[in-house]
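>>> would you be able to build a 3D model of this:
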Amino acid sequence: MPVIYGPVLSWRFGRSLGIDLIVKVKTCTFNCVYCQLGKTKRCVSGPEELKEYVRENEVEKELRKYMTKEGLSYIDVVTFSGMGEPTLNPRLGLVVRRVKKLVREKPIVILTNSSLFYRGEIREALLNFDVVVAKLDAGDEKAYRIINRPYKGKPPIEVIIESIAKFRSEYRGRLMIQSMFLHTNFGFTNCRGEHLTRLVEAITKIDPDVVQVDTPYRPGGEKFVVPASLEELREIGESLGEYFNKDRIWIFGVHDKRRPVAGMRISDYEERIFETIKRRPCKLQDLASMLGVNVEIVQRMLERLIERGKVCKIRTYSDEIYYIVKA
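Sure thing, here's the model as predicted:
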């Protein structure tokens, strides 16, 4: 299974070339209710529990091949993400330093669930990234347990908040906090009330460069999860506006850096589509823009993948159709 995937269109960063350090099955310290990859297949507490993981030589080989074939002119950022929590890879620091030597002019981003920030070696590895996007969905233990469902041995939310704040004092790059705001059909929400208040307090304590106000708009998580509305996200952004300048608050549906990629030289569209969908559910137009081709071409490829039983499509709360890998 390839280590390099995409580029995907990100509302936060534009055209993002992905690096997956987990690859085979979803491996994580959390089992978040909204995860676009679905339920965690392999729950672990730390890097020492991984028997198989991607090495820096594998990443360098694939990245060099991609750069020779496609180039980086269409890429805005290189993002460490994929089939699980990237900080679980014990070679993280070595990998990012190797990547930096190859893609010098492109910012390197990591998307992390923040669960391992309490470990000094993880914070040290993260210092090598230009942008660290740290997830924080809760400011209190109850919301943390309901939303993130941490695996055994993971610290309480207070420790995670303190650890991110400590990293903030050590880090010279751009620290961004990504918070998922959601409802459930059993009455829980972090969009208002005490859970929202505690989360805002935690974010202001950390004082990141950017706060990303997000909601689980892609399918894949638990069926009881209901995304927040754009109006709710705007209201949350306004509450954060009491502590942060407007340009430091990115709201899903308002801030959007996605734009079509034209003229990409891609030799195997079908494989690129499948490898991308495997890591994040996508809409037809997203895939067409990613490849720089018209939707009819992508539609035909998706139909072939559906006929072979590799892909299926589902409809979201907002009545949008996404393509996902068939379980």
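>>> please name the residues that touch residue 60.
98-99, 102 (CB atoms under 8 Å, 6 or more residues apart in numbering). Bear in mind the C-beta positions are built from the backbone N, C-alpha and C, glycine included.
>>> any of those residues buried? List them.
Among the contacts of residue 60, those buried by neighbour count (16 or more other CB atoms under 10 Å) are 98-99.
>>> so which of the contacts of residue 60 is the closest to residue 234?
residue 99 (36.2 Å; CB to CB).
>>> still on that earlier bit, so which of the contacts of residue 60 belong to helices?
Of the contacts of residue 60, the ones assigned to helices by DSSP state H are 98-99, 102.
>>> ok, of the residues you listed, which one's closest to residue 200?
Using CB to CB, these come closest to residue 200 at residue 99, 34.4 Å.
>>> this protein: strands as residue ranges?
4-10, 14-20, 27-28, 42-43, 77-81, 108-112, 131-135, 174-180, 182-184, 210-214, 225-227, 249-251, 311-315, 321-325 (DSSP state E).
>>> chain neighbours aside, what residue packs nearest to the residue most central in space within the chain?
In the chain, the C-alpha nearest the mean C-alpha coordinate belongs to residue 111, at 5.0 Å (CA atoms, centre = their mean). Once flanking residues are discounted, residue 111 sits nearest to residue 81: 4.5 Å by CB to CB, 6 or more residues apart in numbering.
>>> what's the answer for residue 197, then?
residue 139 (7.6 Å).
>>> hmm, the one you found is touching residue 204, no?
No. Here residue 139 lies out of contact with residue 204, judged by CB atoms under 8 Å, at a distance of 9.9 Å.
>>> more neighbours, those two?
residue 139 (24 against 15; other CB atoms under 10 Å).
>>> what pLDDT does that one get?
Listed pLDDT for residue 139 reads 97.
>>> residue 278 against residue 325, yeah?
Yes. Contact criterion CB under 8 Å: residue 278 and residue 325 qualify, at 5.0 Å.
>>> tell me which of the two has more neighbours.
More neighbours surround residue 278 than the other of residue 278 and residue 325, with 20 against 17 (other CB under 10 Å).
>>> residue boundaries of the helices in this protein?
For the chain, the helices defined by DSSP H occupy 56-69, 92-102, 120-126, 141-147, 157-170, 193-206, 230-240, 269-279, 284-291, 295-307.
>>> can I get the ones you listed in JSON lines with distance to residue 34?
Formatted as JSON lines, the helices of the chain follow (distance: least, CB to CB, whole Å):
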{"stretch": "helix 56-69", "distance to residue 34": "28"}
{"stretch": "helix 92-102", "distance to residue 34": "24"}
{"stretch": "helix 120-126", "distance to residue 34": "23"}
{"stretch": "helix 141-147", "distance to residue 34": "7"}
{"stretch": "helix 157-170", "distance to residue 34": "17"}
{"stretch": "helix 193-206", "distance to residue 34": "15"}
{"stretch": "helix 230-240", "distance to residue 34": "14"}
{"stretch": "helix 269-279", "distance to residue 34": "16"}
{"stretch": "helix 284-291", "distance to residue 34": "19"}
{"stretch": "helix 295-307", "distance to residue 34": "24"}
